[in-house]
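Visitor: Predicted model, plus sequence, below.
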Amino acid sequence: MSHPAFCGISRAHLGELIEELADPWPARCESALRERRGAARRRAAGAGPKHDLVFADRVLATLVRLRTGLPHAALAELYGTARATVSRAIGEIRPLLAARGFAVLDRPGVRLRTLADVFAYAEAEGIRLRIDGAEIHRAIASLISDHSARRPTRGKPSTALVLARPTAY
């Protein structure tokens, strides 16, 4: 799964990314646990159930999901674990990747962390942006029909959403 065809980055870059995210991940997990508990830890660090996916596999599964759109159930089969485990792992790693931002080729040190950063960079560089039609359809569907916006789109592209308001429930 670490092949660039699956994750979209070289193995060397993947190693650097894993090292970079290795410190923020436990801090984020501990913060979430403390918030859920509402108090300080009662057991020693490391006690309790162990993760089914090690950190490197969590990062890799997230990158593969983002690059290929492979369903969580398929990733779970590849890793020999439950779909919920993969879903939880992706949910933990995506915010770390988002906070890290996206590097700009040929511009070391420049990172785009928000959509506003992307628009500002595109304007400054004279780059014309195109918006993905799938996202537009989702936005239109949510405006037209609450029902169609909540409907799961598994197995179908989001452009297949029904854009008409249902007449009766």
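Guide: Arrived safely, thanks for sending.
Visitor: which residues does residue 29 contact?
Guide: By Cβ atoms under 8 Å, 6 or more residues apart in numbering, the residues touching residue 29 are residue 92. All C-beta atoms are positioned from the backbone trio N, CA, C, and that covers glycine.
Visitor: Can you check the pLDDT for it?
Guide: If you check residue 29, the pLDDT there is 73.
Visitor: Just the element for it, please.
Guide: helix 24-37 (DSSP states H and E).
Visitor: for this structure, what helix or strand is lowest in average pLDDT?
Guide: Ranked by mean pLDDT, DSSP states H and E, the weakest helix or strand in the chain is helix 146-150, scoring a mean of 49.
Visitor: where do the helices sit along this protein?
Guide: Remark: helices assigned in the chain by DSSP state H are 4-7, 11-22, 24-37, 55-68, 72-79, 83-100, 115-125, 133-144, 146-150.
Visitor: residues of the biggest strand by length in the chain that come out buried?
Guide: Among the segments of the chain that qualify as a strand by DSSP state E, the longest is strand 107-112. The neighbour-count check on strand 107-112 (16 or more other Cβ atoms under 10 Å) flags residue 112 as buried.
Visitor: Between helix 83-100 and that strand, find me the angle.
Guide: Per axes from the mean of the first three to the mean of the last three Cα atoms, to 10 degrees, the angle that strand 107-112 makes with helix 83-100 is 120 degrees.
Visitor: so what's the residue nearest in space to the middle of the chain up against?
Guide: The centre of the chain sits closest to residue 94, judged by Cα atoms, centre = their mean, with a distance of 3.6 Å. Residue 94 makes contacts with 62, 66, as judged by Cβ under 8 Å, 6+ apart.
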